[in-house]
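*Asks:* Okay, here's the prediction I keep looking at, along with the sequence it came from:
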Amino acid sequence: MNTTPKEIIQKLSNAEQEGIDMASPKAVVNHMLVQGEKQSILYFYKPNTLEFDFDKYNNAVAEMRRHKQK
């Protein structure tokens, strides 16, 4: 199983701490855009497409929460 890069986990954690609705990928992407995190947003898109990878996003959020529990 691929693990999410630490930088992405940290950015998701920061978004959650700032009160962003993690159930809404759109809210998280908007938050990241405001933060200037364009490269981080691209992580969640399927390669060579304009299609958002919801499974990858959901897995990253779940992984971020597992890291927070440790």
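*Replies:* Arrived safely, thanks for sending. Residues are numbered from 1 along each chain as shown.
*Asks:* Ile9 and Lys68 touch, don't they?
*Replies:* No: applying Cβ atoms under 8 Å as the test, Ile9 and Lys68 come out as separate, 9.1 Å apart. C-betas here are computed from N, CA, C, even on glycine.
*Asks:* Tell me which of the two has more neighbours.
*Replies:* Taking neighbours as other Cβ atoms under 10 Å, Ile9 and Lys68 compare with Ile9 leading, 19 against 12.
*Asks:* which residue packs closest to the more buried one, ignoring adjacent ones?
*Replies:* Met64 (4.8 Å; Cβ to Cβ, 6 or more residues apart in numbering).
*Asks:* Does Ala62 lie in a helix or a strand, and which?
*Replies:* helix 54-69 (DSSP states H and E).
*Asks:* distance between that helix and the chain's centre?
*Replies:* Taking Cα atoms, centre = their mean, to the nearest Å, the mean C-alpha location of helix 54-69 is offset from the chain mean by 8 Å.
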